[in-house]
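Peer 1: Coordinates only, no sequence provided:
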């Protein structure tokens, strides 16, 4: 009986592939036209892992109080609010102090200036460091017995092994299984795209 109880207390686990998120921007239709010209539409470079999302050919410059970064890629499709996702390392160069937030949670975040080939946009808020999260399809979540909004731990093995706590599960029939780290997190754990990491429940 004691042995059975011990086994029941052990956390379940499953593996998930890594997707490393470099700095990027999501634009509204209005801001896209301000930056690239009236009636402009994004052109696709490649599809991303998450269904319906893609990297666009278009890039912009973002300008903060201390510095600027060129070649920030636009991701599609267009959104209802413009959002810029950077790493903490990026924030030091730009001179902004973005909060760690889930995508779309922009209230109280700092603004920045966005420069495109046809114009510029002064964003009042919208710069965040994206909170690490896992995308799961609804069917996978049901099979694993997890749900949207649940927080889990993620274990990375190797020379720079680490356990990431407080990782958000995002569940939708539109998602494909993948964990998103930013470049700081990935470099710190020596991760690359496609690596498998263990999710502890």
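Peer 2: Nice, I can see it. Since the model is a prediction, treat every value here as computed from it, not as a measurement.
Peer 1: lowest-pLDDT helix or strand in the protein?
Peer 2: Using mean pLDDT, DSSP states H and E, helix 2-9 stands out as the lowest-scoring helix or strand of the chain, at a mean of 44.
Peer 1: right, and the helix or strand after that helix?
Peer 2: Reading on from helix 2-9 to the C-terminus, the next helix or strand found by DSSP states H and E is strand 13-21.
Peer 1: ok, residues contacting whatever helix or strand residue 154 lives in?
Peer 2: According to DSSP H and E, residue 154 maps onto strand 151-156. Contacting residues not belonging to strand 151-156 are listed as 13, 16, 132, 134, 146, 161-169, 179, 189, 191, 197-201 [Cβ atoms under 8 Å, 6 or more residues apart in numbering]. Using the backbone N, CA and C atoms, a C-beta is placed for each residue, glycine as well.
Peer 1: got a list of what residue 102 touches?
Peer 2: Contacts of residue 102 by Cβ under 8 Å, 6+ apart are 130, 131, 133, 168.
Peer 1: ok now do the first one, which residues does it touch?
Peer 2: Each residue near residue 130 by Cβ under 8 Å, 6+ apart is listed here: 21, 85, 100, 101, 102, 103, 180, 182.
Peer 1: And the third one, by the same measure?
Peer 2: Counting by Cβ under 8 Å, 6+ apart, residue 133 makes contact with 102, 103, 167, 168, 169, 170, 179, 180.
Peer 1: Once you drop chain neighbours, what's closest to the fourth one?
Peer 2: When you say that, I think you mean residue 168. Distances taken as Cβ to Cβ, 6 or more residues apart in numbering put residue 133 closest to residue 168, at 4.2 Å, once the chain neighbours are dropped.
Peer 1: what bridges to the one you found?
Peer 2: Per DSSP bridges, the residues bridged to residue 133 are residue 168, residue 180.
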